[in-house]
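Asks: next comes the sequence, and after it the predicted model I'd like to discuss.
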Amino acid sequence: MRPLHRPFALAAAAVTVAAALLLPAHAAHAQDTYLAIGDSWAFGYSTAAGTVRNTGYDPAQPAANGYVGLFAQTLDSRNGAAAAPTVVNLARPGEAFPTFNTSYTDTTGPNNNALYNERYLAAAAGGINPSQQGLLQATLGSALAPSITNVTIQLGGNDLLGLFVEAAWQNPFLTPQQRQALVTQRVNDVAGAMGTLLTNVRTALPGANIYVLGYADLFAAIPDDRLVNPSVPGITYGQFVKPYTAQATNESNIKFAQAVASVAAGVGGPGELEFVNLSADFPTAQLSDLSLILTDQGGTPNFHPSQQGYQVIANRLAATSAAAVPEAGTVGLLAAGSGGGFLLLASARRRRRAASALAS
């Protein structure tokens, strides 16, 4: 697993370029910025998402970017008469922790998932490392940084699913116990990487509310004959994969929650830091009719939420974030050092629980 810990430092010129690339037209009037980090679930992947598109927030089409747009709509409604939140969605389909630092500069390759997110094309043109790590650094060094009040992170699903197509897993002589051990090891690797990423983000944005999302086991109620593994003819997901997706989901939810608790205890800050468990929001009864699962044009289930599924995730985020009600406060950005490094200083942006707000 490639380490993610790198100092968030950029040259002053790069910060200027980042601000120009990452700041939407309406951002000058926005009070809050919502930063989304992740993979295709965070991107809002759908069968209609095959072309370059903006992953910001359009109040007229909040569902255009999956749960991120829908959650932005919730944040917008809480702003009252204030300007709509600026949304910076860095997620890209296919992302995993080992590729988090990988630059996508080839704009012609058929499997170049960066083509889905126009921010990566703009970053490459502007001299910024077009990786999610590169864009994250640029965002934290831009004029948007002081206004970031909410962050969602959803990453690791491709790491877990990737195990099931690796050569070691496809050995038909592995015992169930050996497969369980492989799943546990992969979960531990992913949780460790999540802890490192979360530490970096929390350190840079101590005043922001940060929500780490887990995954739901979308394989749970899909018929085995609709889960054929194209990599191994004759071997279905139902035979060698489906029995272990529940283990991967459950263990990763536990480990992610532990990582969140560990970072919350070790890295102080006034912002909320919460784990969002989605398992209960995708019950088997609804999975069985595929209403919450995206289906490809041929009707084959796809390991992504449907539009209804994204709404379910947005509802869970809305409920979780309702416990964090921001009061007036600011976050300052202090440039320091000849290398253009920076330090984010949070003022006393106070967070109060909804119950306290009702009691006052």
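Replies: Sure, I can see it. Numbering: from 1, shown residues only.
Asks: count of neighbours near Asn253?
Replies: Asn253: 21 surrounding residues under other C-beta atoms under 10 Å. Where C-beta positions appear, they are placed from N, C-alpha and C, glycine not excepted.
Asks: nearest residue to it in space, please, no chain neighbours.
Replies: Gly214 (4.3 Å; C-beta to C-beta, 6 or more residues apart in numbering).
Asks: that neighbour contacts Glu274, doesn't it?
Replies: No: in terms of C-beta atoms under 8 Å, Gly214 does not count as a neighbour of Glu274; the distance is 11.3 Å.
Asks: re earlier: residue contacts, the residue nearest to Asn253?
Replies: The contact partners of Gly214, by C-beta atoms under 8 Å, 6 or more residues apart in numbering, come to Gln154, Thr249, Ser252, Asn253, Phe256, Ala257, Phe275, Val276, Asn277, Leu278, Ser279.
Asks: just the buried members of these?
Replies: Restricting the contacts of Gly214 to buried positions leaves Gln154, Thr249, Ser252, Asn253, Phe256, Ala257, Phe275, Val276, Asn277, Leu278, with burial counted as 16 or more other C-beta atoms under 10 Å.
Asks: next, count neighbours for the nearest residue to Val267 once chain neighbours are set aside.
Replies: If the residues on either side of it in the chain are set aside, Val267 comes closest to Arg202, at 4.5 Å by C-beta to C-beta, 6+ apart. Number of residues near Arg202 (other C-beta under 10 Å) recorded here: 21.
Asks: in the helix or strand hosting Arg202, which residues are buried?
Replies: Assigned by DSSP states H and E, Arg202 belongs to helix 176-204. With burial defined by 16+ other C-beta under 10 Å, the residues of helix 176-204 counted as buried are 179-180, 182-183, 186-187, 189-204.
Asks: what's the closest non-adjacent residue to Asn158?
Replies: Using C-beta to C-beta, 6+ apart and skipping the chain neighbours, the partner closest in space to Asn158 is Ala96 (4.0 Å).
Asks: just Gly195 next, same as before
Replies: For Gly195, the spatially nearest residue (C-beta to C-beta, 6+ apart) is Ala259, at 4.1 Å.
Asks: the one you found touches Ala191, doesn't it?
Replies: Yes: shown here, Ala259 and Ala191 form a contact pair, counting by C-beta under 8 Å, at 5.4 Å.
Asks: where along the stretch 151-300 of the chain do the helices fall?
Replies: With DSSP state H, counting those that start in this stretch, the ranges of helices along the stretch 151-300 of the chain come out as 157-163, 176-204, 237-240, 242-266, 284-287.
Asks: quick one: closest of the ones you listed to His304.
Replies: Evaluated over the helices of the stretch 151-300 of the chain, closeness to His304 peaks at helix 157-163, with 9.5 Å, by C-beta to C-beta.
Asks: which helices and strands does that closest one pack with?
Replies: Secondary structure elements in contact with helix 157-163, counted by 3 or more C-beta pairs under 8 Å, 6 or more residues apart in numbering; DSSP states H and E, are helix 176-204, helix 242-266.
Asks: any chance of the ones you listed in a markdown table, with distance to Ala322 and mean pLDDT too?
Replies: Formatted as a markdown table, the entries for the helices and strands packed on helix 157-163 read as follows, by distance: least, C-beta to C-beta, whole Å; pLDDT from 0 to 100:
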| stretch | distance to Ala322 | mean pLDDT |
| --- | --- | --- |
| helix 176-204 | 21 | 97 |
| helix 242-266 | 18 | 94 |
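Asks: could I get the ones you listed as a markdown table with distance to Ile148?
Replies: Putting the helices and strands packed on helix 157-163 into a markdown table (distance: least, C-beta to C-beta, whole Å) gives the following:
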| stretch | distance to Ile148 |
| --- | --- |
| helix 176-204 | 9 |
| helix 242-266 | 17 |
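Asks: what's the distance between the spatially closest residue to Thr249 that is not a sequence neighbour and Glu274?
Replies: Here the nearest residue to Thr249 in space, its sequence neighbours aside, is Asp217; by C-beta to C-beta, 6+ apart that works out to 4.1 Å. Between Asp217 and Glu274 the computed distance is 21 Å (C-beta to C-beta, to the nearest Å).
Asks: try Asn150
Replies: Plainly put, Asn150 is 11 Å away from Glu274 if you go by C-beta to C-beta.
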